[in-house]
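1. Just a sequence and a predicted model for now, questions to come.
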Amino acid sequence: MGLTVAGWVYSGNYIFTLLFTLMTALGQLEYYRMVMKAGIYPARRISVVGACAMFVTALFAPDLHQIVLPVVSTWAMVWFLTMRRTITSISEIATTLTGIFYLGYIPSFWVRETNIHPYTLNKLPSFLPKTIHLPITTGANFIFWSWLCIAFSDVGGYFAGRKFGKTKLSAISPAAGKTSPNKTVEGVIGGCAFSMILATLGAWIQKWPYWAIVGPIHGVMLALLGLVGDLTASMLKRDAGLKDFGDLIPEHGGIMDRVDSYIFTAPYGWFMCAYMIPWLKGIAKGSAPAGALAV
């Protein structure tokens, strides 16, 4: 599984975006099926098409990326006003806009991140054909290590929770505790610790400035934002009375059940890679840059 994901991340911008778009479209359809079981009928087709537009724009015209959200949202409202035979309910509008934002705009920052250059490695090892090139950008490296941190955060949280978990999450957050009753504070700490270790290693390998400080902080941020994504998905499922978003992946549920931790980490990851790391490099060299590498 890990090699498959690594191959995807380093497959190049076009293949990465294509597969990411397909996966997100499936996730959106799972979300809207859940919503429709509750008797709510959103503009799901517009949302799916709009999400695809966000990913394509993030890849080919990143400067226009953020304008797609209001355009698609306006398009949905125009559709509600002109194509429906009855007055659209607040819940239908809310679930439509949530789908566009939550499963379109936010994850599209992973696609935008692949545009962050320069290439950090463009050839295979010397013993392989020199005509083959690897599209490894700064953004691709960042995505690989970030996703690894998020995955290990889930693993660390699971094992730490099982081994040491005594304090329920409800002790510090009643709403979060009710959303996911089995989660513990010790599990969260374990997840952060695992993520910190991987993030520190990744920061050192990528030669970040002040890696021994920035790496652990980055790891904690990824773990906590991943937890927000996990709890958000659990909250939606609990309100809908569902255990899983779908059954596409045997014994694991649907697409959304596997990627919920990667949603809210996307904008943070893009900001970190496009602005924060270059800024820190500028400080380390004695002059902070005015902008990002390439966004």
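-> Received, thanks.
2. separation between T4 and A140?
-> 15 Å (CB to CB, to the nearest Å). C-beta coordinates here come from the backbone N, C-alpha and C atoms, glycine included.
3. More neighbours: which of the two?
-> Under the neighbour definition other CB atoms under 10 Å, T4 and A140 were set side by side, and A140 has more, 25 against 8.
4. which SS state does that one fall under?
-> helix (DSSP: H, G, I helix; E, B strand; the rest coil).
5. which ones are touching the closest residue to I116 other than its chain neighbours?
-> Once flanking residues are discounted, I116 sits nearest to G139: 3.5 Å by CB to CB, 6 or more residues apart in numbering. For G139, the contacting residues are 113-117, 273, by CB atoms under 8 Å, 6 or more residues apart in numbering.
6. Among these, which one lies nearest to K237?
-> E113 (27.8 Å; CB to CB).
7. Now for the closest one, how many residues are close by?
-> 27.
8. In space, what's closest to it - neighbours in sequence excluded?
-> Using CB to CB, 6+ apart, the nearest residue to E113 is G139, at 4.3 Å.
9. Could you check the pLDDT of that neighbour?
-> pLDDT, G139: 90.
10. The one 3 residues further on too?
-> As summarised for this prediction, F142 has a pLDDT of 94.
11. Tell me how many other residues surround A199.
-> A199: 30 neighbours (other CB under 10 Å).
12. Just to check, it is in contact with G226?
-> No. With contacts counted by CB atoms under 8 Å, A199 stays clear of G226, the gap being 11.9 Å.
13. Backbone dihedrals for the closest residue to G177 other than its chain neighbours, please?
-> Nearest residue to G177, sequence neighbours excluded (CB to CB, 6+ apart): S170, at 2.3 Å. The phi/psi pair for S170 (degrees, to the nearest 10) reads phi -60, psi -20.
14. for S170, what are its contacts?
-> Neighbour list for S170: 176-178, 181 [criterion: CB under 8 Å, 6+ apart].
15. Please report how far it lies from S180.
-> Relative to S180, and taking CB to CB, S170 is found at 9 Å.
16. Which SSE is immediately downstream of the helix or strand of the chain with the lowest mean pLDDT?
-> Here the helix or strand of the chain ranked lowest by mean pLDDT, DSSP states H and E is strand 119-121, holding a mean of 55. Going down the chain from strand 119-121, the next helix or strand is strand 136-137, by DSSP states H and E.
17. And that next one, what does it pack against?
-> strand 119-121 (3 or more CB pairs under 8 Å, 6 or more residues apart in numbering; DSSP states H and E).
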